[in-house]
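In: Fold the following.
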Amino acid sequence: MSERLSIDDYYVEISQTVAKRSTCLRNKVGAVIVRDNHILTTGYNGAPRGLAHCLDIGCLRNEQNIPSGTMHEKCRAVHAEQNAIIQAALHGIPTSGSTLYCTHQPCILCTKMIINAGIRRVVYLNAYPDPNSMSFFKEAGVTVEHHAPKIQEP
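Out: Okay, here's the model as predicted:
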């Protein structure tokens with residue numbers, strides 16, 4: 001008999017499913033904002049509404065050989081965490097006191113948005129090469145956890 005998924009495993013898996021909608025050619029990222037065990041919003045990385053996606057026109061960061069974790073302003077995409085926060089704002093959903101589950105450790109730009117959105121906990125699956133985000137989270141008192149999912153029986 002298999003064990004029931006932990007709540008963190010459950011929401012991390014949902015973030016992985018959300019990431020499948022990503023239109024980024026480099027990293028498929030998904031985010032889920034949760035409060036009181038209810039999903040508030042989701043987001044994935046992709047071009048702003050109405051603009052061409054990298055899937056269709058190519059990746060400027062690839063063309064310019066820009067290393068991951070640097071020069072975020074050169075990216076056409078809105079990050080998954082940003083899109084999840086934006087969706088909450090568009091629909092009048094407060095994010096204060098929530099948890100953000102994400103496929104990747106947030107970059108410094110997303111970290112600042114997460115802090116200002118009042119999100120109190122971040123659970124991420126994959127590391128990301130942006131060392132500044134962790135110091136900002138610590139200073140702001142946001143709990144951050146690198147998630148290691150339990151292996152599930154089929």
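
In: Go through the protein and flag its longest helix.
Out: Assignment by DSSP state H gives helix 7-19 as the longest helix of the chain.

In: Buried residues in that one, which are they?
Out: Using 16 or more other C-beta atoms under 10 Å as the test for burial, helix 7-19 gives Asp8, Asp9, Tyr11, Val12, Glu13, Ile14, Ser15, Gln16, Val18, Ala19. Where you see a C-beta, it was placed from the backbone N, CA and C, and this is true even at glycine.

In: Spit out the contact partners of the fifth one.
Out: By C-beta atoms under 8 Å, 6 or more residues apart in numbering, the residues touching Glu13 are Leu5, Pro149.

In: and if you look at the third one?
Out: Tyr11 is in contact with Val32, Val34, Ile39, Thr99, Tyr101, Val123, counting by C-beta under 8 Å, 6+ apart.

In: pLDDT-wise, which helix or strand of this structure ranks last?
Out: Using mean pLDDT, DSSP states H and E, helix 60-63 stands out as the lowest-scoring helix or strand of the chain, at a mean of 86.

In: Averaged pLDDT, the very next helix or strand once past that one. What do you get?
Out: Note on helix 60-63: by DSSP states H and E, the next helix or strand toward the C-terminus is helix 80-90. Averaging the model's pLDDT scores along helix 80-90 yields 98.

In: Which strands and helices lie in contact with helix 80-90?
Out: Helix 80-90 sits against helix 7-19, strand 30-35, strand 38-44, strand 99-104, helix 108-116, with contacts defined as 3 or more C-beta pairs under 8 Å, 6 or more residues apart in numbering; DSSP states H and E.
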